[in-house]
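**Student:** Kindly generate the corresponding structure for this input.
(chains A, B, C and D)
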There are 2 protein chains.
Amino acid sequence: MTDIRPGSKAVTLKDLAAELGLHASTVSRILHAETDTARGAAAPATAQRIRDLARKVGYSPNPQAKGLRTRRSHLLGVIVPRLSDLVLAVIYEGIEEAADDAHYSTFVMNSRDDPAMQRRKAEIMLTRRVDGLIIGDAHLDGDILIELTERQVPFVLMNRAVPGFPSATCDDTLGGTLAAQHLWDKGHRSVSVIAGEPYASTAVDRTNGFVSRFRHLGGQIPESAIVWSRFDTLGGRSAADTIFSDKNRRPSAIFAVNDFAAIGAMGAANSHGLLVGRDLAIVGFNDTSLAAQLPIALSSVRSPMMDIGRLAVKLLLGVLNGETVQAVKLAPILCVRESSSHEWMSE
Amino acid sequence: MTDIRPGSKAVTLKDLAAELGLHASTVSRILHAETDTARGAAAPATAQRIRDLARKVGYSPNPQAKGLRTRRSHLLGVIVPRLSDLVLAVIYEGIEEAADDAHYSTFVMNSRDDPAMQRRKAEIMLTRRVDGLIIGDAHLDGDILIELTERQVPFVLMNRAVPGFPSATCDDTLGGTLAAQHLWDKGHRSVSVIAGEPYASTAVDRTNGFVSRFRHLGGQIPESAIVWSRFDTLGGRSAADTIFSDKNRRPSAIFAVNDFAAIGAMGAANSHGLLVGRDLAIVGFNDTSLAAQLPIALSSVRSPMMDIGRLAVKLLLGVLNGETVQAVKLAPILCVRESSSHEWMSE
DNA sequence: CTGAAAGCGCTTACAG
DNA sequence: CTGAAAGCGCTTACAG
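**Tutor:** Numbers count the residues shown, from 1 in each chain, chains lettered A, B, ... in the order given. Take a look at the predicted model:
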């Protein structure tokens, strides 16, 4: 068992060397020659002795010393709007997994989608000497990314894309398209969109994908039927209230770009005496774990959240490796459930 | 504006010293004498020049070098079952805030409540040389905490307590008591409990608090009415299904030790043709942001999640400071909503 | 009041 | 095949 206590003596290279009657530099050389056994680094027998002892005492190099010397911290910084957004929490699980596999550790910080906070958190991470940043709160209208690029900070975007920067996202446009096709096929001709925050590509792309396809099929969506909103339940509820307050237009279906907004819309529908799945169809986005378990199961476009996280790490490691990386979009699939499975008879 | 780029030259102490015609050690001394201005560290004028330049170029000491020298990383490790559990995500926000204020940074890792994974993650954090651990996934029956204590790793528990170790938690027993009193007052005499995982103090204490009070008031709760379950929505649903499948006993109220389990129970009730808030009362725990926004608003015992996070940091800093710290419990309050506000007439 | 040295634990050319 | 030196950027007694 390893015995590494914060602040107290851990086993050092020098300890190993002393134990073996060797010089620390020799031990170091061997412990790095993982791939090519004893490739000029030391005699095979010596190498074996070193490795055996290292394993036995559970040696692990002091990351501070190593980082100081190599100028690589093996630390990745992750910035998200909020971890209490389930979508980001799940993506982060993917990030943690992939980083772990690559022997990197990750910091994660909440920016609350506030530009000043985004800057502050990025600065803290850089001060900590992270090797690179995974940014999950990119704003379409921000200039932080340009600054980071100028400062040559290695980074990739995750979840939200911004044209011109590398990113790992869901194909949100396609997701919106799937939702539109589904609702059209079920007979809906009057639909509204709870569109999310206009500064987020997720909101914009999902909305665009939906609207384009619906119009392409011959449907009408007036601008007034697209309601921008916060991503959370409360945002969804007030957006839905806005939609229902229009007495001249009562949509038979709502597409919400986010499951939580969709849940809020379900609550609003309930308050207005509408039974979801009969009087009103609702489709959400992300297929979070809650969707299928709600009293009225929610249809949702499933985005591969874990994979987005893993991919983000892969892309960032690519950047750190000097490769040129692109924006990559992962395909979503539609999960139809009780909230939108009924056929709608247009009157 | 600071200009710190990973891997590239950042401003060092030596740079500052050269610029000022001083020795690096002098600069270092001043930059540490924050409290007592120039207290024997340097001439007031020199101190001022140093501080001005440091601010101007945005100097921040290299944490690796500093850590190597001082044997303090100013890093805290946080281990949670899963960040996709909203409760932990919110607690983590409190942790991040408090750590930030104290100039600490935090790693957070998911252990999935799996003992092997808990060990692994703790080991990774220790290998990273964190100064201490905040453990949010403690099991009542585990032995990891004993090991850590023997190895003299500084740590505190958060969210879940284990007797004999310092912790920051909600007063879960009190929370259960509040729920029991409320349901009793509303006229319920036949109740069931969705109790959560028996290895978690949250589950055990909330259940005990509830059962004790209910029995104390003169109510009956047979052991068969206490159903242990997972903490998530699916766990709540199957627990509720179990409860409803007992044809000899149809409770008029259910206390779930967790909001997500409560939501699952709502779904199950729905499937069984029971209208929550009329045929069945449900009370959850934590008052997560969803509770108030559900189509049928969920009554819930509100735990001070953010405060628990902040407190955990405070306690751990105390431990690092050599203080003896205790288990601290924060008081919850009951939020009554539609799901349990109806009066129940016992037949 | 300020400088110079030593050393934290590592890695990396460079000798031999 | 192995050792010795230098140095990453800092802090901390210790001189002077």
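**Student:** low-scoring pLDDT stretches of chain A, where are they?
**Tutor:** A:1-9, A:33-42, A:346-347 (pLDDT under 70).
**Student:** repeat that for 80
**Tutor:** Chain A contains residues with pLDDT under 80 at A:1-9, A:33-46, A:346-347.
**Student:** any idea how far the residue of chain A positioned farthest from its centre is from residue A:52?
**Tutor:** Centroid-distance maximum for chain A: residue A:21 at 49.3 Å, with C-alpha atoms, centre = their mean. As judged by C-beta to C-beta, to the nearest Å, residue A:21 and residue A:52 stand 14 Å apart. All C-beta atoms are positioned from the backbone trio N, CA, C, and that covers glycine.
**Student:** And the helices in the stretch 101-250 of chain A?
**Tutor:** Per DSSP state H, counting those that start in this stretch, the stretch 101-250 of chain A carries helices over the ranges A:115-127, A:144-150, A:172-185, A:201-216, A:233-244.
**Student:** Can you lay out these as CSV showing distance to chain B and mean neighbour count?
**Tutor:** Listed next are the helices of the stretch 101-250 of chain A as CSV, based on distance: least, C-beta to the nearest C-beta, whole Å; neighbours: other C-beta atoms under 10 Å in any protein chain shown:
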stretch, distance to chain B, mean neighbour count
helix A:115-127, 5, 18
helix A:144-150, 8, 14
helix A:172-185, 20, 23
helix A:201-216, 18, 22
helix A:233-244, 4, 22
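**Student:** Let's have those helices in TSV, adding distance to residue A:272.
**Tutor:** Converted to TSV, the helices of the stretch 101-250 of chain A look like this (distance: least, C-beta to C-beta, whole Å):
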stretch	distance to residue A:272
helix A:115-127	36
helix A:144-150	40
helix A:172-185	19
helix A:201-216	22
helix A:233-244	5
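**Student:** can you list these in a markdown table and add distance to DNA strand D?
**Tutor:** Formatted as a markdown table, the helices of the stretch 101-250 of chain A follow (distance: least, C-beta to the nearest atom of the strand, whole Å):
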| stretch | distance to DNA strand D |
| --- | --- |
| helix A:115-127 | 10 |
| helix A:144-150 | 21 |
| helix A:172-185 | 42 |
| helix A:201-216 | 37 |
| helix A:233-244 | 44 |
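**Student:** Can you tell me, leaving aside adjacent residues, what's nearest to residue A:337?
**Tutor:** The spatial neighbour of residue A:337 that comes closest, neighbours along the chain excluded (C-beta to C-beta, 6 or more residues apart in numbering or on different chains), is residue A:297 at 3.8 Å.
**Student:** again with residue A:183
**Tutor:** residue A:253 (4.7 Å).
**Student:** Just to check, the one you found is in contact with residue A:194?
**Tutor:** No. Here residue A:253 does not reach residue A:194: they are 11.4 Å apart, not a contact under C-beta atoms under 8 Å.
**Student:** Next one: residue A:139 from DNA strand D, what distance?
**Tutor:** In this view, residue A:139 and DNA strand D are 32 Å apart by C-beta to the nearest atom of the strand, to the nearest Å.
**Student:** meant to ask about residue A:260, not that
**Tutor:** Computed with C-beta to the nearest atom of the strand, the distance linking residue A:260 and DNA strand D is 43 Å.
**Student:** Please give the number of neighbouring residues around residue A:247.
**Tutor:** Neighbourhood size, residue A:247 [other C-beta atoms under 10 Å in any protein chain shown]: 6.
**Student:** repeat for residue A:324
**Tutor:** There are 7 residues near residue A:324, going by other C-beta under 10 Å.
**Student:** and it, what does it touch?
**Tutor:** When the contact criterion is C-beta atoms under 8 Å, 6 or more residues apart in numbering or on different chains, residue A:324 has no partners at all.
**Student:** cutoff 10 Å now
**Tutor:** Residues in contact with residue A:324, defined by C-beta atoms under 10 Å, 6 or more residues apart in numbering or on different chains, are A:166, A:318.
**Student:** so is it in a helix, a strand, or just coil?
**Tutor:** Per DSSP: H, G, I helix; E, B strand; the rest coil, the local secondary structure of residue A:324 is coil.
**Student:** before we move on, the earlier item: so for residue A:253 and residue A:194, which residue has more residues nearby?
**Tutor:** More neighbours surround residue A:194 than the other of residue A:253 and residue A:194, with 33 against 24 (other C-beta under 10 Å).
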